[in-house]
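Peer 1: pasting the sequence and the predicted model now:
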Amino acid sequence: MSITAYERVRTARDNKRPTAVNYIRNMFLDFIEMHGDRGFADDRAIVGGIARIGDMPVTVIGIEKGQNTKDRILHSFGAPNPEGYRKALRLMKQAEKFHRPVVCFVDTSGAYCGIGAEERGQGEAIAKNLMEMMTLKTPIISLVIGEGGSGGALALAVANKVWMMENAIYSVISPEGCASILWKDAKRAEEAADVLKLTAQDSLENDIIDEVISEENLGTEAFYYSLRDKIEAELRELSALTMDELLEQRYQHFRKIGRPMA
Amino acid sequence: MGIMKFLRPKNELETGGRNSLPEQKAVSEPEMTCPNCHKTIPVSKLRGNQFICQCGHHFRMSARQRLSFITDEGSFTEMFTDVENTDPLQFPGYKNKLETLRKTNKENEAVLCGTAEINKYKCCIFIMDPFFMMGSMGTVVGEKITRLFEYATEKRMPVIGYTVSGGARMQEGLFSLMQMAKTSGAVKRHSDAGLLYVTVLTDPTTGGVTASFAMEGDIILSEPGATVGFAGARVIEQTTRKSLPKGFQTAEFMMEHGFIDAIVSRQSQKKVIAAILRMHKEGK
């Protein structure tokens, strides 16, 4: 039996699934967390800092949903505010300065939806990240580990390589939102999940992501080590490119999407 | 085909379509009610006043109508009309919806792109259309805007962009979302080449368009009273269960919070944009 799209949605949202912090702590050494956007606040929905992967210093940034109820509230359920995206960009600029590659972990139902978020320019913050990431002069890898919820996810996923976990989802709108707009009935989310083509496999077939990562042994040491080795190998390959090649590769990754056949 | 097009009445909407015979009695003139002052105004009168009510309310207008108010007469050359929608997800009902809209709107998509002159200053221009799926951004909109910025970068031209959008187009799923990154990349290259990009936000500019090229201008102008935001106001109200502050997500509110350079009424836009273009002219 194949797994339905909506079952993937449920799995992607599962509380027991490893979050960004689990990936960071299990794959990287000497992680030092950095807080704040130097402008307004520290948004705990985004966790970022510097660490090593093998001998290589890297900047790691993840959208963190939290480990338990108390923690989830602290991290606002992985819904970043503008200052979260601005913190992420600050860390990326720091990475560029010190020639460190960037690894992002994406897991959000979407950017935070609130009065303050609008007042502080949620749209502007995301837009700026998209622009700046496109020409950031260092390799970027983004992994969608759970939910890839719309613009709030894309703001950390303008990368040279975009990977998705086998049960992760990536979508322009939640299946519930889609169903309520399309059929005025949020309960038809299962159908919406199908038509939105939001699974990792769909995204790969549509040539929007580069790879689907197997979830066999998800959360075990073996899983993290093999993923870590894969990230390290990819970063070394990307680091071997000239800067022009690296930036052109990233540009073309997105440029080709939705280009009609000549 | 060519002859059929020739025989078709000029404006099907106002005559009730080509199947309705013109009646002998005087047809009452179409009117619109202002959502601000609630007065009813004949459309012809509104058109003569750039679709601005006496009370100052700026009505939404089609991209073509806007074009005639902003650019010098006869200066516009439309580009990229050959970019066609491929319905990448084979989304239910989408193809039919597009076909119907193309017939009634006589536009093939939600954005017009091309080159034009504004008080003799040459520029690239894009104008989004609220009447085509609320200016939502799918692959065609993304592709046309990206091509316009690539063209402008190559020819070293400024870009003027009028935005109006409900956001990314749901019916094209992740393909739509990726247009945010694609257009932003093209804007960035244009910007890195030292070239000018001015956006004019019009009612409503929201969602994925706000979170990409609308907010990426060197200069961000807005029409008065336009809704400008990322998340929908009703969604925010429902999720936070808080009442929204007065004027929330209006252009004036966004300017107060530091995200818009200036609010410019429709009557002044041509003059202001021309002045900006003049101050950014390359060379001598």
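Peer 2: That came through, no problem.
Peer 1: any buried residues in stretch B:67-77, and which?
Peer 2: By neighbour count on 16 or more other Cβ atoms under 10 Å in any protein chain shown, the buried set for stretch B:67-77 is B:67, B:70-71, B:75-76. (Glycine included, C-beta is placed from N, CA and C.)
Peer 1: got CSV for those, with distance to chain A too?
Peer 2: Below are those laid out as CSV (distance: Cβ to the nearest Cβ, whole Å):
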residue, distance to chain A
B:L67, 24
B:I70, 23
B:T71, 26
B:S75, 28
B:F76, 23
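Peer 1: save these as CSV, and put in distance to B:F175 and secondary structure too.
Peer 2: Conversion of the buried residues of stretch B:67-77 to CSV gives the following (distance: Cβ to Cβ, whole Å; DSSP: H, G, I helix; E, B strand; the rest coil):
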residue, distance to B:F175, secondary structure
B:L67, 27, helix
B:I70, 30, helix
B:T71, 31, coil
B:S75, 33, coil
B:F76, 29, coil
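Peer 1: let me know the closest of those to A:K187.
Peer 2: Using Cβ to Cβ, B:L67 comes nearest to A:K187 of the buried residues of stretch B:67-77, at 43.3 Å.
Peer 1: tell me which other helices or strands the helix or strand where A:L130 lies touches.
Peer 2: With secondary structure defined by DSSP states H and E, A:L130 is part of helix A:122-134. Judged by 3 or more Cβ pairs under 8 Å, 6 or more residues apart in numbering or on different chains; DSSP states H and E, helix A:122-134 is in contact with helix A:82-97, helix A:150-154, helix A:243-255, helix B:173-192, helix B:207-210.
Peer 1: ok so, going back, tabulate the buried residues of stretch B:67-77 in JSON lines, adding columns for distance to A:A186 and pLDDT.
Peer 2: Shown next, in JSON lines, are these (distance: Cβ to Cβ, whole Å; pLDDT from 0 to 100):
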{"residue": "B:L67", "distance to A:A186": "39", "pLDDT": "95"}
{"residue": "B:I70", "distance to A:A186": "41", "pLDDT": "96"}
{"residue": "B:T71", "distance to A:A186": "44", "pLDDT": "97"}
{"residue": "B:S75", "distance to A:A186": "48", "pLDDT": "98"}
{"residue": "B:F76", "distance to A:A186": "43", "pLDDT": "98"}
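Peer 1: pLDDT-wise, which helix or strand of the chain ranks last?
Peer 2: Using chain A here. Every helix and strand of chain A was ranked by mean pLDDT, DSSP states H and E. The lowest is helix A:175-182, at a mean of 92.
Peer 1: right idea, wrong chain: chain B
Peer 2: helix B:12-15 (a mean of 40).
Peer 1: output the helices and strands packed on helix A:122-134 in TSV, with distance to A:R8, mean pLDDT and mean neighbour count appended to each entry.
Peer 2: Listed next are the helices and strands packed on helix A:122-134 as TSV, based on distance: least, Cβ to Cβ, whole Å; pLDDT from 0 to 100; neighbours: other Cβ atoms under 10 Å in any protein chain shown:
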stretch	distance to A:R8	mean pLDDT	mean neighbour count
helix A:82-97	26	98	23
helix A:150-154	15	97	29
helix A:243-255	23	98	17
helix B:173-192	14	98	26
helix B:207-210	23	98	30
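Peer 1: of the ones you listed, which is nearest B:P35?
Peer 2: Nearest to B:P35, of all the helices and strands packed on helix A:122-134, is helix B:207-210, at 21.2 Å by Cβ to Cβ.
Peer 1: the closest one near chain A anywhere?
Peer 2: Yes. Under the criterion of Cβ under 8 Å from any Cβ of the partner chain, chain A is reached by helix B:207-210 at B:207-208, B:210.
Peer 1: that concludes my questions; thank you for your assistance.
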